[in-house]
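Novice: Quick one, structure for this:
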Amino acid sequence: MPHLTQRVVDAAVYNRTGNAAHVLWDDELKGFGLRVYPSGRKAFLLSYRNAHGTKRAPAIGDAAVMRLDEARRKARRLLVAVDDHDADPSAERRKERLESKTGSVAALIEAYIEARTKNVHRPMKRPESVRWYVKKFIVPKFGARPWRDVRRSEVREWHAAIAKPYNANRSLQAMRAAFYWRLWQEDDAPGKRRRESDTRNPCAGIGLRPETVRKTRLELVDLPKLERAIDAESDDLYLRAYFRFLLLTGCRRGEALALKWSDVRETEATFRDTKGGGDHTVQLSARAVKLLEGLERLKGNPYVFVSRQHGKRLQEPGKAWHRIREAAGLPNLRIHDLRRTFGSWLGDAGFTSKQIGTALGHKSDITSRVYMQLGDPSKREAVEAVDRLMQGRPAKVATLRRRRARPTRARA
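Specialist: Sure, this is the predicted structure:
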């Protein structure tokens, strides 16, 4: 163990392999050392254990701007604080950085969204949707407020005042999750995280408001009006095909937007499930196959529904859909209602809820069990049934095969 001098610090070079840590420890002050990085950067550090026995090794300062004697004096002061007051300088510095980054409610929620989006194991699926609720409902009320000053009574009153229960509940859930994330960032003690019982979160304990289930769907008598509006309000072939494809397959809007030609095979297409995770296969009716065959595959663009930008997929069809539904006289029909229409038409044709769930790729426990009974033939009958309904023809209903009862053993 070398005695650190300014000359040793200036002459130190990285001599490890595989990005292994290279630290020159001082023999005068225990835990004090110089770390040399593969890039050539050098920094002083102090290794110690906090009151919980957790090992810390924070950097004290960059060797390019701090002299050795100054770094050693700072390390001694930190060690005295750790020994006399059970302080944790590393945790304090981390807490200070976190406080500066998440001072207000708006800053806190944005930091939470960024952290969740970058989380490899549990990434946020639709951060843009959360940001919309934050901008629309949370920021006007709490945005500039220090997050520790928010009171439960204020949150309860704000939640009750939002006009639509759906928006109120989604906004409350977003703020509650962000506050839990922030509180857990400063919880160094081991143990199980408390959830709804954590009274430090001002959003905890506030119940969700009852929501009215949407029942909007496209009726068959309105289908010709929608078809005419799709053709009249958009000159983009891929955009027109996109809306018709949703109605023919019942896919989620995001799944269809991300569909690539490599995922399409003759009469079926494989989608990445944007809600439940994993993949699921959708059978294509004859009309859906013909629809895709009419689309040109652009060189350098792997997507089925492409945008006007080279190599990019269709981005946001919402503006075009707004024009289409207004022209069709269906102002309340959303894009997701095309998926709901697909399922409800199957219900009208006599398909069971299990069969509909299988065709739509639901991942609930009930539909997961039925996957063992319903395969591609049943899914194909479902999409062909919708195709026939759209043409004004009667739909054929698939039947479930009964399982054979297991023979019971006679008791001895």
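
Novice: Now the helix or strand where H159 lies: average pLDDT?
Specialist: Taking DSSP states H and E as the definition, H159 sits inside helix 152-161. Averaged over helix 152-161, pLDDT sits at 96.

Novice: moving C-terminal of it, what's the next helix or strand?
Specialist: Following helix 152-161 in sequence order, the next helix or strand is helix 165-185 (DSSP H and E).

Novice: in that following helix, what counts as buried?
Specialist: 167-172, 174-182, 185 (16 or more other Cβ atoms under 10 Å). (Each C-beta comes from the backbone N, C-alpha and C, glycine too.)

Novice: And stretch 230-240, what's buried?
Specialist: For stretch 230-240, burial by neighbour count (16+ other Cβ under 10 Å) applies to I230, E233, S234, Y238, L239, R240.

Novice: Now do the second one against K225, distance only.
Specialist: Spelled out, it's E233. 12 Å (Cβ to Cβ, to the nearest Å).

Novice: go on, the third one?
Specialist: The gap separating S234 from K225 is 15 Å, by Cβ to Cβ.

Novice: Likewise for the fourth one?
Specialist: Y238 is 22 Å from K225, where distance means Cβ to Cβ.

Novice: Beta-bridge partners for S104, please?
Specialist: Judged by DSSP bridges, the bridge partners of S104 are P146.

Novice: What is the burial count for it?
Specialist: Counted by other Cβ atoms under 10 Å, the residues lying close to S104 total 16.

Novice: re the thing from before, between the helix holding H159 and helix 165-185, how big is the angle?
Specialist: Angle of helix 152-161 versus helix 165-185, following axes from the mean of the first three to the mean of the last three Cα atoms, to 10 degrees, is 150 degrees.

Novice: What is helix 152-161 packed up against?
Specialist: In terms of contacts (3 or more Cβ pairs under 8 Å, 6 or more residues apart in numbering; DSSP states H and E), helix 152-161 is packed against helix 139-142, helix 165-185.

Novice: Which residues does that helix contact?
Specialist: Residues outside helix 152-161 that contact it (Cβ atoms under 8 Å, 6 or more residues apart in numbering): K141, F142, A168, S171, L172, M175, P202, C203, A204, G205, I206, R209.

Novice: Now with 6 Å, please.
Specialist: The contact list for helix 152-161 (Cβ atoms under 6 Å, 6 or more residues apart in numbering) reads K141, A168, L172, P202, C203, I206.

Novice: Distance check, the residue nearest to the third one when sequence neighbours are not counted against F137.
Specialist: Closest residue in space to L172, ignoring its immediate chain neighbours: H159 at 5.0 Å, by Cβ to Cβ, 6 or more residues apart in numbering. Applying Cβ to Cβ, the value for H159 to F137 is 9 Å.
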